[in-house]
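1. Just a sequence and a predicted model for now, questions to come.
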Amino acid sequence: MRNKVTMHDSYNKIIGETTTRRAKQLVNQQKAAWADSDQTAIRFYAGMDDIVENEVNIISAEDIQVHQLYFANWKSTGHYYPVVILEDLGEQVKVNFLDGHLDVVPRGHIVEIEEVLDNMELQGKWRDGLVYYKGVLVSREPMVMHYNDGDVEQVRINQLRGQVPKN
């Protein structure tokens, strides 16, 4: 069985790929339909094309590398925190969240750092405290966060989390 499913907009234009698991979810949620009998492509219903903007680009199985830094969806909350991959367990991945928490997460919950920084709402821990505040990363080298309340500070990757934008 193929791991990737091609995504088409309602005009049948190819707009990206997703995992088979996520494609099945979108079809079950009646946001898309199978575009072929082999289930290798989905087509979003008219008016649902904006959903694609909220779809996270999942890393394919062959791309995950042990001991590399990624972000992982914490307990399916939609909040993505930085992790180091410790072990590839097939459909799941053993990770070490940078706060020291060890966990096993579904492979589909792992995303590239760039996916979080470029496509998700960012939140940072002001002065490395306990509370996350919304903001925008205005520089990557060094990482500088401009919070929605106007405060600005240099941050480290372990102070950030991403959240899939809500419509």
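-> In hand now; what should we look at? Residues are numbered from 1 along each chain as shown.

2. quick one: low-confidence parts of the chain?
-> By pLDDT under 70, the low-scoring segments of the chain are 1-3, 15-16, 47-62, 165-167.

3. residue ranges for the strands of it, please.
-> Assigned by DSSP state E, the chain shows strands spanning 4-8, 14-19, 32-34, 41-44, 69-73, 79-88, 92-97, 102-106, 110-111, 121-125, 132-140, 143-147, 152-154, 160-163.

4. Residue for residue, what is the longest helix this protein has?
-> helix 20-28 (DSSP state H).

5. Who are the packing partners of it?
-> Applying 3 or more C-beta pairs under 8 Å, 6 or more residues apart in numbering; DSSP states H and E, one finds that helix 20-28 makes contact with strand 4-8, strand 32-34, strand 41-44. Where you see a C-beta, it was placed from the backbone N, CA and C, and this is true even at glycine.

6. Need those in TSV (columns: distance to residue 66 and mean neighbour count).
-> Output for these, formatted as TSV (distance: least, C-beta to C-beta, whole Å; neighbours: other C-beta atoms under 10 Å):
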stretch	distance to residue 66	mean neighbour count
strand 4-8	22	20
strand 32-34	33	18
strand 41-44	31	21
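
7. Indicate which one of those strands is closest to residue 83.
-> With C-beta to C-beta as the criterion, residue 83 lies closest to strand 4-8 of those, at 22.6 Å.

8. Make a markdown table out of the helices and strands packed on helix 20-28 and add distance to residue 164.
-> Formatted as a markdown table, the helices and strands packed on helix 20-28 follow (distance: least, C-beta to C-beta, whole Å):
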| stretch | distance to residue 164 |
| --- | --- |
| strand 4-8 | 16 |
| strand 32-34 | 17 |
| strand 41-44 | 17 |
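
9. Nearest approach to residue 68 belongs to which of those?
-> strand 4-8 (20.6 Å).
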